[in-house]
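[1] Sharing a model that was predicted from the sequence below.
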Amino acid sequence: MSPEHTSKPVAIVTGGGTGIGSATAAQLRQTGWNVAICGRRPQLLEETAAATGALPIALDMSDEDSAGDLVNAVIGKFGRVDGLVLNAAVAHAGRFMDTTDSLWRDMLETNLLGAARLTRAVLPHFDKTGGSIVGVASLAALRASSFMSGYAASKAGLGLMLQSVAVEFGHKGVRANLVCPGLIKTQMSATALMTVAQQRDITLDAAYETATQHVPARRAGHPSEIASVIAFLLSEGASYLTGAIIPIDGGASAVDVAALLYEQDHKTASIV
């Protein structure tokens, strides 16, 4: 298949069938990008493709051959690649002593090694165009919590990997940044919070409210709010921004947990 001759920039979005990936595909398409989305669930990819005009490519990021196959398909279709969004992720919660090597491997293969393989496959094509890479991690990459050790380690590793890419390839015009969303209303977070809702006999909306009661914004975020930042990082407007790790969390990472005690004593304070 001969490539389409296009002056439009081209982006690859992994985990593009749902949530932040799907919203990012929509945002990029609206701002003039050609977009290829990939993931393990063909039906969801097709639904996003139908809604956005993105090119769907079903594959598993943990497969060692998937990176080369994906990049070859995108180059074969569009003739270029200018942006990469590393959004695909696997999360397994559990106590540290209960997490097995198998669970760690599953998360590391997709969240870190799969991202590294795809980055290596894309970088040679950035020699022609420069290029921008955006990793999608989590607040878990910046702040520790119980039951998420393997996921947190994989996402923290993604951040340092991308900073290394930013340093090593910056002279070639390549930029690499990481975004760390807080609690976002996605299928993944809804599934996790539904368990909490059932245990407390509350609604899912009430579970979201409880989970964000100490977040300065007092709410969960929406996928489109993360997608907007990703689109900016891929754009020329962010041409001098590289090697950054950016929380998009409604202010959650700024909270002094110990000081919450004092906040409770000032509930009636008004904005001056």
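    Yep, that arrived.
[2] Okay, now the unreliable bits of the stretch 151-272 of the chain?
    In the predicted model of the stretch 151-272 of the chain, residues 264-272 satisfy pLDDT under 70.
[3] Which stretches in it count as strands?
    Assigned by DSSP state E, counting those that start in this stretch, the strands in the stretch 151-272 of the chain fall at 174-181, 245-248.
[4] Specify the angle between the longest helix anywhere in the chain and strand 174-181 in degrees.
    Looking across the chain with DSSP state H, the single longest helix is helix 149-169. Calculated by axes from the mean of the first three to the mean of the last three CA atoms, to 10 degrees, helix 149-169 forms an angle of 160 degrees with strand 174-181.
[5] In contact with the residue lying closest to residue 31 once chain neighbours are set aside, which residues are there?
    Closest residue to residue 31 apart from its sequence neighbours, by CB to CB, 6 or more residues apart in numbering: residue 231 at 5.9 Å. Glycine gets a C-beta too; all of them are placed from N, C-alpha and C. Going by CB atoms under 8 Å, 6 or more residues apart in numbering, residue 231 touches 24, 27-28, 31.
[6] right, and out of the residues you listed, which lies closest to residue 62?
    residue 24 (20.9 Å; CB to CB).
[7] surely that closest one meets residue 88?
    No. Applying CB atoms under 8 Å, one finds residue 24 not in contact with residue 88, separated by 11.9 Å.
[8] These two: which is more packed in?
    residue 24 (32 against 25; other CB atoms under 10 Å).
[9] Against residue 169, how distant is that one?
    For residue 24, the distance to residue 169 (CB to CB, to the nearest Å) stands at 22 Å.
[10] now residue 112
    Note on residue 112: its distance to residue 169, by CB to CB, is 18 Å.
[11] Run through who's touching stretch 209-229.
    So stretch 209-229 is in contact with 19-20, 22-24, 26-28, 136, 179, 181-186, 189, 193, 196, 200, 202, 208, 246, 248-252, 254-255, 257, 260, going by CB under 8 Å, 6+ apart.
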